[in-house]
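Enquirer: mind looking at a prediction? Sequence and model below.
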Amino acid sequence: MNAVRILLAVIAVSSFGVAIAQTLAEMVVVTSIIGTLDSSIRLPRGSFQVTNPKFALEFADLLGADKSKYTNYTLYVATGIAARLAPSYINDLMTGFAVSGYFEVSKSETKVGTDLRTRTEFNNADTNKNLLLLVVRRADRVYFLVAAKK
């Protein structure tokens, strides 16, 4: 019986440790995202930067000929609850841009297979900076590619 209590105590402590570690990891990830994109834009919880630039360039290929008009491609992904609540997540993402002074200039949406792709261009009139946001919704993930106009 003591062995069971000890085992349960170890599981409880390790689960608590994992929860703290996950929270700290999310804070670090979101902080690094904010630093690379624009310090004023707040991304929704559950956003993770894809650190391999190869994947960002693969998603940039979805832009076709417009790929050459942009630079500094950064790819992010949302999984879990954020992906299951995709419409709300994407709304929070767009709100983060607007709150930071980036307002929607153009928007287009296409469906390719099971992917729903939304391309939105933003402009910040104060800084005259233009950003592109390409959101690709899939069944289990939401990818979003951010790039700055050259």
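Expert: Looks like it came in fine.

Enquirer: tally of neighbours for T110?
Expert: Each residue near T110 was counted by other C-beta atoms under 10 Å, and the total is 10. The C-beta positions use only the backbone N, C-alpha and C, and glycine is treated the same way.

Enquirer: each with direction, which strands does the strand or helix carrying it pair with?
Expert: When secondary structure is defined by DSSP states H and E, T110 falls within strand 103-112. Strands adjacent to strand 103-112 in the sheet, as given by DSSP bridges, are strand 115-124 (antiparallel).

Enquirer: quick check: the spatially closest residue to D61 that is not a sequence neighbour vs L132, distance?
Expert: Nearest residue to D61, sequence neighbours excluded (C-beta to C-beta, 6 or more residues apart in numbering): K67, at 6.5 Å. Shown here: K67 relative to L132, a distance of 10 Å by C-beta to C-beta, to the nearest Å.

Enquirer: and if you look at A83?
Expert: Separation of A83 from L132 (C-beta to C-beta): 21 Å.

Enquirer: have a look at those two and say which one is more surrounded.
Expert: The residue with the greater number of neighbours, taking A83 and L132 and applying other C-beta under 10 Å, is L132; the counts read 21 against 18.

Enquirer: list of residues touching stretch 50-60?
Expert: Here stretch 50-60 makes contact (C-beta atoms under 8 Å, 6 or more residues apart in numbering) with 67, 70, 73-77, 134, 136, 143, 145, 147.

Enquirer: mind doing that once more with 6 Å?
Expert: Under the contact criterion C-beta atoms under 6 Å, 6 or more residues apart in numbering, stretch 50-60 has outside partners 67, 73, 75, 77, 145.

Enquirer: can you list the buried residues in the helix or strand that contains the last one?
Expert: Taking DSSP H and E as the definition, L145 sits inside strand 142-149. When neighbours are counted by 16 or more other C-beta atoms under 10 Å, the buried residues of strand 142-149 are found to be 142-147.
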